[in-house]
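*Asks:* build me a model from this:
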Amino acid sequence: YVTACVPESLRGILDVQLMEVMTRGLPDEQGSLTSDGLSGAMEPLKRADAMALGPGLGRDPRSVQLARELARHSPVATVLDADGLNAHAGFLAELAFRDAPTVLTPHAGELARLLETDSGQVQRERLSHARDAAEQAGAVVVLKGDDTLIVEPAGRVAVSRGASPALATAGTGDVLTGAIAALLAQGMDAFTAAAAGVQLHAQAGRNAVRIQGAPEGLIATDVIAALPGARGS
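*Replies:* Numbering: from 1, shown residues only. Presented below is the predicted three-dimensional model:
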């Protein structure tokens, strides 16, 4: 099962919206999580197998500090995406000190911020920059794009050419984060979980388009609904 650590002031709303998910309220100020929530977030990790960190977090400096501290102290396999990545812009090497496996899932802009360069440079040399980030962070890097690259620090690379126009829809990157975290929680190693998650995500995107009839109008929850069927595709 999933436990979502959320701002205490918003917990009542999210409890109504997230029927299948347990929630844990953390200290917040006007809806932004603060570093005071570290101990509260660490508590459910005592019985967790994986953590997804970043989607929906925001860039409030207090939330950024919490993300960095939580990534540093998390004892379980962790996927960083969205503002979990942005929190480590300029601090990528901190992740190399983690004991548990780490997967980063940036698009070109996020990877550019992590490496303190610009997205144009990343787009021109995608594999080189993904390898640089993987080495600095001691993590598997999933560089999202038309061709998604999965790169581990030792140099192994997988390429997914199964992109779907549907996966450009807002929120579908968060679906990928959840898919990889779920596979990590099942005991897969980081590289395998990342590669399998990318493949499942791409297939779910294609399946969702077939179900809906066209990529236009597809939303992230359509991709989630298509994930179970993707395992048998």
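
*Asks:* where along the chain do the strands fall?
*Replies:* Using DSSP state E, the strands of the chain run over residues 3-7, 22-26, 28-29, 32-33, 50-53, 77-80, 102-104, 140-143, 148-151, 157-160.

*Asks:* tell me which of the ones you listed lies nearest to residue 96.
*Replies:* strand 102-104 (8.8 Å; C-beta to C-beta). The C-beta positions use only the backbone N, C-alpha and C, and glycine is treated the same way.

*Asks:* contacts for the closest one?
*Replies:* Contacts with strand 102-104, where a contact means C-beta atoms under 8 Å, 6 or more residues apart in numbering, come from 71, 77-81, 85, 95, 114, 133-134, 137-142, 180, 184, 190, 193-194.

*Asks:* switch to 7 Å and redo it
*Replies:* Contacts with strand 102-104, where a contact means C-beta atoms under 7 Å, 6 or more residues apart in numbering, come from 78-80, 85, 95, 133, 137-142, 180, 190, 193-194.

*Asks:* now stretch 204-214
*Replies:* Outside stretch 204-214, the residues touching it (C-beta under 7 Å, 6+ apart) are 164, 166-167, 215, 218, 222-223, 226-227, 229-230, 233.

*Asks:* just among those, which is most surrounded?
*Replies:* In terms of neighbours by other C-beta atoms under 10 Å, the contacts of stretch 204-214 top out with residue 223 at 28 neighbours.
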